[in-house]
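Undergrad: everything below, folded, please.
(4 chains)
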2 protein chains.
Amino acid sequence: MTADTQSTPGGRGAARGLPHAPTLEEVARRAGVSRSTASRAINGGLKVSPAAQAAVDAAIAELAYTPNRAARSLVTRRTDSIALVVPEPDERVLSDPYFAGTLRGISEALDPTDIQLVLLIARRGEETQRTTRYLLNRHVDGAVVVSHHRDDALDRVLHDSRLPTVFVGRPWAAAEGMSYVDVDNEHGGRTATEHLIAAGCTRIGTIAGPLDMAAGVDRPAAERLLAAYPDLDGIFVASDLMAVGALTVLAKHGRSVPDDVRVVGYDDLGVAASTSPPLTTMRNPVVEMSRAAGELLLAQIAGNVDEAAPRIFQAELVVRESA
Amino acid sequence: MTADTQSTPGGRGAARGLPHAPTLEEVARRAGVSRSTASRAINGGLKVSPAAQAAVDAAIAELAYTPNRAARSLVTRRTDSIALVVPEPDERVLSDPYFAGTLRGISEALDPTDIQLVLLIARRGEETQRTTRYLLNRHVDGAVVVSHHRDDALDRVLHDSRLPTVFVGRPWAAAEGMSYVDVDNEHGGRTATEHLIAAGCTRIGTIAGPLDMAAGVDRPAAERLLAAYPDLDGIFVASDLMAVGALTVLAKHGRSVPDDVRVVGYDDLGVAASTSPPLTTMRNPVVEMSRAAGELLLAQIAGNVDEAAPRIFQAELVVRESA
DNA sequence: CTGTTAGCGCCTTCAA
DNA sequence: TTGAAGGCGCTAACAG
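TA: Predicted coordinates for the structure are as follows:
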């Protein structure tokens, strides 16, 4: 809260001996033009003579100039930054491979722009208001919300606020006009099962369950499944992490994969390729999906309100040795 | 690059019909004080009468006021944001559980402050200059650099620039005065081995190798190790992810863990607890370490230059069923 | 303790 | 096509 006092009073030079960042004024002077012309040259170059443009470009390069975001933001009323909001009911979101994919996808979408990504990790209770207020007071131009929870009012607040927002994962209380991306899990499950059937499996089991289940629950699940249905010849597991547990249990019971039992996982976010045997799985297109989220958001910020339609992605079968 | 034109020219009201964010001016008017008094009340409340302070506080609450960061930043010359820089030689950094821990740790450090976290994902070649320039032009107050690579000049550039910087992981070309946090891997390896010895193991093998090894390499490694030394009774694996592969291989060969062979992994960042059997491992204190990085950075930004000493953390044995 | 005053660096009318 | 001028919202002297 408290600001530490600035020690250099009037001097327009270096604070603490730091080489101060070049200003538009300096660029203009060096290019032999006015600030306005320099500014125009920087922002698209409309109504700027080629000569002036070249001079400004040169000056910028020589000075390694970057516009001061604060100053620009103050007048344009844009912040050139968006928030990635992570509501944090459980502590595992960040470790979830989903999240890494989300990060990558959004970064990719932002890459061709000069827009920065601000990470907003919301806290429970009181603290959530800090996030809300920050967002509502437009400290960012828009927000991507990782929406894997069901009890948060943030969704509606954001939607009502008219801050450009895109949800990754269908919001629990999805309302008309909410923009979101999601993956068609039902289709993924069906595809996986069809694959097992096509491979000749006739006794197919499944291990489902939320990702935030207690650690190791997947293991007893596999054990129980095997005990109850010893003649199982195919299993669809709702996540690769859980599938890893299943593979180990099968190995322990002497079942060969894929000869005795075929296994199909879900996610393909890193673990699947390094299991033994490599795991056949449904590739979850998180990165593409999140990139789409980013692009949707950029479009909304640019004023294309018609870009609000939800976008649904399909998981894709990746066949490896296990099935 | 190009700015879309602002449609409302002079009007001090709403653009696009949006409820405009409250300003200090409004807070002051509502509280019946001047802007300066309101400002002082907000920034620590020094030299402000209790009455004025209360009035301002009330106004702030009623208006849901948040200071405009751009305006503030313009005058204070601080941005109230720091960057998390991810140099990205390989594409896996973000998916690495290390990274999730880093994120969490830094967030925790930032939590009691109003400082925002900006994610900077550097790209190769030309693109790296964009990052450098952004940093050097002080668009952030400081930077935490995830430094798991060895060929990057960014380290030195940042250090030379005198931008407050803390590295997570010892910089390849560590120089005097560079601030970093790291974990003592040698100690971790030793502890793991000592644990196996104490448990009675006499034929101990190890599976090492960089994390960015080709997927599945860990599996042939375990296979070969087992083939070469059939009488193995203990294995230390340099990462949990690789240890998972080893567990599966052992199960396939009918070796019971931990009865026949004891296994110790390394990381404990999520996978270890959900293997079968649960994996004994060396807990890598990434979160604590990264929190320290964040705190070091905050201290540096606040001017405590003496906070530059490296800080080394120890991994800690976590005993589960596998050893 | 308080209000008045002057910019921070930039974009953007407006007049030339 | 260009430059001069004004102001975005805030903080920090300075004088009261």
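
Undergrad: those strands in the stretch 51-200 of chain A, which residues are they?
TA: A:81-86, A:116-121, A:142-146, A:165-168, A:179-183 (DSSP state E, counting those that start in this stretch).

Undergrad: what residues does the shortest one touch?
TA: For strand A:165-168, contacts defined as Cβ atoms under 8 Å, 6 or more residues apart in numbering or on different chains pick out A:102, A:142-147, A:155, A:158-159, A:178-182, A:289-290, A:293-294, A:296-297, A:300. Heads up, the C-betas are built off the backbone N, CA and C, glycines and all.

Undergrad: re earlier: any chance of the strands of the stretch 51-200 of chain A in TSV, plus mean pLDDT and mean neighbour count?
TA: Below are the strands of the stretch 51-200 of chain A laid out as TSV (pLDDT from 0 to 100; neighbours: other Cβ atoms under 10 Å in any protein chain shown):
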stretch	mean pLDDT	mean neighbour count
strand A:81-86	95	24
strand A:116-121	94	21
strand A:142-146	94	25
strand A:165-168	94	28
strand A:179-183	94	22
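
Undergrad: point me to the residue sitting closest to the centre of chain A.
TA: Note on chain A: the residue nearest the mean C-alpha position is residue A:102, at 2.5 Å, using Cα atoms, centre = their mean.

Undergrad: return the residues of chain A in contact with DNA strand C.
TA: Chain A comes close to DNA strand C at residues A:12, A:20, A:23-25, A:35-36, A:39-40, A:42-43, A:65, A:67-68, A:71-72, A:74-76, as judged by Cβ under 7 Å from any atom of the strand.

Undergrad: so for the closest residue to DNA strand D within the stretch 151-300 of chain A, what's the pLDDT?
TA: As assessed by Cβ to the nearest atom of the strand, DNA strand D sits closest to residue A:163 within the stretch 151-300 of chain A, at 16.8 Å. The model reports residue A:163 with a pLDDT of 92.

Undergrad: isn't it right up against residue A:144?
TA: No. Residue A:163 is beyond contact range of residue A:144, at 11.3 Å (criterion: Cβ atoms under 8 Å).

Undergrad: thinking again about what came up before, which ones, among the residues of chain A next to DNA strand C, also lie beside chain B?
TA: When Cβ under 8 Å from any Cβ of the partner chain is applied, the members of the residues of chain A next to DNA strand C adjacent to chain B are A:43, A:65, A:68, A:71, A:74, A:76.

Undergrad: filter those residues down to the buried ones.
TA: Neighbour counting with 16 or more other Cβ atoms under 10 Å in any protein chain shown marks A:65, A:68, A:74 as buried within these.

Undergrad: pLDDT averaged over the biggest helix by length in chain A - what is it?
TA: Counting by DSSP state H, the longest helix found in chain A is helix A:286-301. Averaged over helix A:286-301, pLDDT sits at 95.

Undergrad: and stretch A:51-66, by the same measure?
TA: For stretch A:51-66, the mean per-residue pLDDT is 95.

Undergrad: now do the buried residues in it.
TA: Buried residues in stretch A:51-66 (16+ other Cβ under 10 Å): A:52, A:53, A:55, A:56, A:59, A:60, A:63, A:65, A:66.

Undergrad: and which of those residues is nearest residue B:87?
TA: Closest approach to residue B:87 among these (Cβ to Cβ): residue A:66, at 19.5 Å.

Undergrad: measure stretch A:174-190 end to end?
TA: End-to-end distance for stretch A:174-190, by Cα to Cα, to the nearest Å: 24 Å.

Undergrad: please apply the same query to stretch A:74-85.
TA: First residue to last in stretch A:74-85 (Cα to Cα) measures 23 Å.

Undergrad: does it reach DNA strand D?
TA: Yes. Using Cβ under 7 Å from any atom of the strand, stretch A:74-85 reaches DNA strand D at A:74, A:75.

Undergrad: helices of the stretch 151-300 of chain A, residue ranges please.
TA: A:154-161, A:185-198, A:218-228, A:240-252, A:286-301 (DSSP state H, counting those that start in this stretch).

Undergrad: most packed of the ones you listed?
TA: helix A:240-252 (a mean of 25; mean count of other Cβ atoms under 10 Å in any protein chain shown).

Undergrad: elements contacting that helix?
TA: Secondary-structure packing of helix A:240-252 (3 or more Cβ pairs under 8 Å, 6 or more residues apart in numbering or on different chains; DSSP states H and E): strand A:204-207, helix A:218-228, strand A:234-237, strand A:262-267, helix B:240-252.

Undergrad: what angle do it and strand A:262-267 make?
TA: 160 degrees (axes from the mean of the first three to the mean of the last three Cα atoms, to 10 degrees).

Undergrad: circling back: worst average pLDDT in the helices of the stretch 151-300 of chain A?
TA: helix A:218-228 (a mean of 81).

Undergrad: so can I have TSV of the strands of the stretch 51-200 of chain A showing distance to residue A:136?
TA: Putting the strands of the stretch 51-200 of chain A into TSV (distance: least, Cβ to Cβ, whole Å) gives the following:
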stretch	distance to residue A:136
strand A:81-86	12
strand A:116-121	12
strand A:142-146	10
strand A:165-168	11
strand A:179-183	18
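
Undergrad: once you drop chain neighbours, what's closest to residue A:285?
TA: residue A:313 (4.8 Å; Cβ to Cβ, 6 or more residues apart in numbering or on different chains).

Undergrad: in terms of pLDDT, where does the one you found sit?
TA: 97.

Undergrad: residues in contact with it?
TA: So residue A:313 contacts A:181, A:182, A:183, A:184, A:285, A:288, A:289, A:292 (Cβ under 8 Å, 6+ apart).

Undergrad: now with 7 Å?
TA: For residue A:313, the contacting residues are A:181, A:183, A:184, A:285, A:288, A:289, by Cβ atoms under 7 Å, 6 or more residues apart in numbering or on different chains.

Undergrad: just to revisit the earlier point, next step: the buried ones among the ones next to chain B among the residues of chain A next to DNA strand C restricted to helices.
TA: Per DSSP H, these map to helices at residue A:74.

Undergrad: just want the residue of the stretch 101-250 of chain A that's nearest DNA strand C.
TA: Taking Cβ to the nearest atom of the strand, the stretch 101-250 of chain A has residue A:114 as its residue nearest DNA strand C, at 10.7 Å.

Undergrad: kindly state the beta-bridge partners for the residue nearest to residue A:285.
TA: Residue A:313 forms beta bridges with residue A:183, as assigned by DSSP bridges.

Undergrad: residue in the stretch 101-250 of chain A nearest to DNA strand D?
TA: For the stretch 101-250 of chain A, Cβ to the nearest atom of the strand, closest residue to DNA strand D: residue A:137, 9.0 Å.

Undergrad: report how many residues lie close to that residue.
TA: Using other Cβ atoms under 10 Å in any protein chain shown, residue A:137 is surrounded by 19 other residues.

Undergrad: wait, isn't it in contact with residue B:63?
TA: No. Applying Cβ atoms under 7 Å as the test, residue A:137 and residue B:63 come out as separate, 10.1 Å apart.

Undergrad: list the residues that contact both of the two?
TA: Here residue A:137 and residue B:63 have no joint contacts, going by Cβ under 7 Å, 6+ apart.

Undergrad: thanks a lot, see you next time.
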